[in-house]
Each structure stands twice: as C-alpha cells, then as structure tokens.
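> Pasting the sequence and the predicted coordinates here, then a few questions.
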Amino acid sequence: MMSLNRYRLKHLRTQGHRGARRASQLLERPDRLIGLILIGNNLVNILASAIATVIAIRLYGDAGIAVATVLLTIVVLIFAEITPKTVAALHPERLAFPFSFVLLPLMQLFMPLVMAINAVTNGILKLMGFKPDLQEGEALSQEELRTIVTESGSMIPGRHRRMLVNILDLEQVTVNDIMVPRNEVYGIDLDDSDEVIMQCLQESTHTLLPVWHEDINDIRGVLHMRNLSRVFRGNGLCRDALIKEVETPYFVPENTPLHTQLRQFQQKKLRMGIVVDEYGDLMGLVTLEDILEEIVGEFTSNLIEESEELHALDDGSAICSGTISIRELNRQRGWDLPTDGPKTISGLALEALEAFPSGHVVVQIPGYWLEVLEIEGNLISKVKILPVNDQSVSETAD
C-alpha cells in the first residue's frame, strides 16, 4: 500500500478504477491504515508465538521455549515478513488493489480500536515535538518534475521528454540568451536610398522587418511583409506609404524570462520584440518563433550552415564562427558549453583569456579546448572547439 505511486494512483482513480478508489480512500489517513495493519500483524504474530511455545513445551519441556523461539523467528521472517513484503514492494498495484477489498471493511470494523490506539500514539508524538496532523504535500518542485520527466524512459518518447524539459527551462532562460544580436539584425534604414531599400525588401527572407533612421537605436517601427505591395507606386518606392505601414515597435527588457515573454506575445498578439538594455540601447531582436524553437527545437531551415558558421571535423572537434550562439552550438553538437555568461563563442573565448588575443592562442575551459584561429578587428571571427575527453586533446595541447 505504501509503495503505490501516488500520481499513478490519482490517474487510475480519475479513470474509474475501483481498486485505485479503495486504495486512495485507505491512504487518505495513512496513520489509520498503518495502525490497522500493525494491529492484525502483531495479533497474529503474538498468537502464533503463544501457540508455538505451548506446543514446544509439551514436546521438549523447558527446552521447547528456545526451540519455538528460533523456529518461529525463522518462519515468520521468511514466510510472513521478508518474502511477502518484497513481492508486494515489487508489484504494489497487483497486490494492493485486491487487498484493499479486504482492508477497507476491516478498517470500518476495527475503527474504534484503531482510533483509540492512534490517539495514544499521536499524543506521544506531540509530546516529542512532532505534528502528526501535518502531512507533507504531494506537490512537485520544478527540479523534481524534471527528474520524473527525464527518468520516464520509454513511457514518454525522447522528443516529447526534451520538449517538456525545455518548457521547464523557460523560466531560467531570458530573451538575452536567444535574441538575434544587434550586429545581425536585418532591417531597413530610412537614410538609405530607394534602390537600397527596395533591394533589402526584395532579398528579405523575414516576415517582419525593423525600420530605423540613421542609427539602429532610432527604431521607427516594424514593417510586416504582407503589406509590401502598399509601399510601391508604379516601379518605385513610396516612402510616405512605407512610413505609414510601419507598426509601432514593441520593446522588451533584455532580462525578461522566456515564459513571461511568451505570455506577453500571446496577450498582445505580437510576434517580434525589440530587446533593449537598461539604458534603452538596442541589444537585438526576439521573435515568437525563437521562443517556440527553444521548446520544440528547430522547425525551420535556420540550422547552422555547415559551410559558413560550423564545420565539424573527424576528430570530434569543430571550427565555427566567433559570433555563433553558444546555446545553438550546444543544441547542434550535443555539447555542454557554459551558457550562464557570454552568449557567443567569441565572448566565451575572451572571458577565458581575460584579454584580447594578439594572434593564435589556445585556452582551456572546463570540458573543452578553445583555439582562436582568426581575428578581424575587435572580433574573434573563427574558433576551433575540442572536447577535453576527445582522444586528440593531447595533440591539440602539444
């Protein structure tokens, strides 16, 4: 009875399982259930001990007391304690549900005796400082729920387990972790010529485009590509129409948790936000698609380009762009690079070096080697990453 999975028991009870209903009724007051079982258990054991002692004395005299004690102890331990309780612990539902049919009437029959004994024991517990009336709740913490999901095995498909864990992680991840960084924002600069703006619109692969004037911090709004036909007049661009179709920008603080931002997108019926820091400077963009991909994984063709940002090598290492997201790299390669600090590989290398490198350099972080291959201006543009447990680590170190 005590080995029953309480959550499965609740599920079976809601499905109308009679045995689960009886077991749940008994487990509502575990102190009474334990009292009933121990009353019967001790009554039978003491009775058996008395009968065995009488028989042994008649057969062996005074020596029969020792014989009865040894034999009865062995018999009780093997056949009445260890064996049946081990079987019951291994198959709790198979035994608890049928036996609840017997225990429930016995509980009603012996209720006065059970309540009297429990009153005495509860009084003793209170004198010792315990509070028997206060039972620990069955609510699960986030980490406990994560453990249940990850240890569910074949009961939940692996892809579904990852999605459930990702949902739990939304509270720990902020928009700053998944946003498109400022230097990668694709949009329209109203200070550009009509030809440049038209080319930008024609080559865009995005549904929403931010629009700014001169400086990206001067965001004027967001243009939805479904309104693209309204910004053209004849064969040319109509700037007045373009400005008219621009929607008011929606700004998001950089440390907003993803679960909060997802709710904001849902309530405001929006799909993109402009991420800003505490000073109001633009940090990047976050979209509804970015958040959903944190839950279900990549569902578009935006996977890391093998030829541009990531090139896997046969020795288990990879050469990647310095601007690549650490979270995205972890997802693609199955690595565990730290994500609680810098957001890109370039930032991670700089943090480990504690200075800007002047040329080729190798640095070790927990679990990985980072080798700076190329530097462009103030940016580490190409990095080689090698897991420490790889066989070629010693060669790289040399």
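Everything's here; your move.

> Helices of the stretch 251-398 of the chain, start to end?
258-268, 288-296, 326-333, 345-353, 393-397 (DSSP state H, counting those that start in this stretch).

> Over to the stretch 101-250 of the chain?
111-127, 142-150, 158-169, 175-178, 194-203, 239-245.

> Buried deepest among those helices, which one?
helix 175-178 (a mean of 20; mean count of other C-beta atoms under 10 Å). (C-beta placed from N, C-alpha, C; glycine too.)

> Out of the helices of the stretch 101-250 of the chain, which is closest to Val211?
Of all those, the one in closest proximity to Val211, counting by C-beta to C-beta, is helix 239-245 (7.6 Å).

> Dump the helices of the stretch 251-398 of the chain to JSON lines, plus mean pLDDT, mean neighbour count and distance to Gln142.
Shown next, in JSON lines, are those (pLDDT from 0 to 100; neighbours: other C-beta atoms under 10 Å; distance: least, C-beta to C-beta, whole Å):
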{"stretch": "helix 258-268", "mean pLDDT": "91", "mean neighbour count": "15", "distance to Gln142": "11"}
{"stretch": "helix 288-296", "mean pLDDT": "85", "mean neighbour count": "16", "distance to Gln142": "16"}
{"stretch": "helix 326-333", "mean pLDDT": "81", "mean neighbour count": "18", "distance to Gln142": "20"}
{"stretch": "helix 345-353", "mean pLDDT": "86", "mean neighbour count": "20", "distance to Gln142": "27"}
{"stretch": "helix 393-397", "mean pLDDT": "42", "mean neighbour count": "13", "distance to Gln142": "35"}
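
> neighbours around Asp62, how many?
Here the number of neighbours of Asp62 (other C-beta atoms under 10 Å) works out to 8.

> Then it would be within a strand, right?
No: Asp62 is assigned helix when assessed by DSSP: H, G, I helix; E, B strand; the rest coil, not a strand.

> Surely Leu271 and Val286 touch.
Not quite, residue 271 is Arg, not Leu. No: using C-beta atoms under 8 Å, Arg271 is not in contact with Val286, being 10.0 Å away.

> ok, the two, which is more surrounded?
The residue with more neighbours, out of Arg271 and Val286, is Val286; 25 against 14, by other C-beta under 10 Å.

> one step back: any idea which of the helices of the stretch 101-250 of the chain scores lowest on pLDDT?
Of all the helices of the stretch 101-250 of the chain, mean pLDDT reaches its minimum on helix 142-150 (a mean of 76).

> what about the residue nearest the centre of the chain, distance to Ser325?
Centrality entry for the chain: nearest residue to the mean C-alpha point is Val165, 2.9 Å, by C-alpha atoms, centre = their mean. Relative to Ser325, Val165 is positioned 19 Å away (C-beta to C-beta, to the nearest Å).

> again with Leu223
Taken as C-beta to C-beta, the span from Leu223 to Ser325 is 25 Å.

> Between the two, which has more neighbouring residues?
Leu223 (24 against 21).

> Contact partners for that one?
Going by C-beta atoms under 8 Å, 6 or more residues apart in numbering, Leu223 touches 188, 208-211, 231, 242, 245-247.

> among those, which ones are buried?
For the contacts of Leu223, a neighbour count by 16 or more other C-beta atoms under 10 Å gives the buried set as 188, 208-211, 231, 242, 245-246.

> hey, where'd the strands end up in the stretch 251-398 of the chain?
251-253, 272-276, 282-287, 310-312, 318-321, 361-365, 368-376, 379-387 (DSSP state E, counting those that start in this stretch).

> which one of those strands has the lowest average pLDDT?
Among those, strand 310-312 scores lowest, at a mean of 81.

> Check which helices and strands that strand is in contact with.
strand 318-321, helix 326-333 (3 or more C-beta pairs under 8 Å, 6 or more residues apart in numbering; DSSP states H and E).

> try it again with 6 Å
Under the contact criterion of 3 or more C-beta pairs under 6 Å, 6 or more residues apart in numbering; DSSP states H and E, strand 310-312 touches strand 318-321.

> centre of the chain versus the strand it packs on, how much separation?
28 Å (C-alpha atoms, centre = their mean, to the nearest Å).

> Could you please name the strands it pairs with and the direction of each pair?
strand 310-312 (antiparallel), strand 379-387 (antiparallel) (DSSP bridges).
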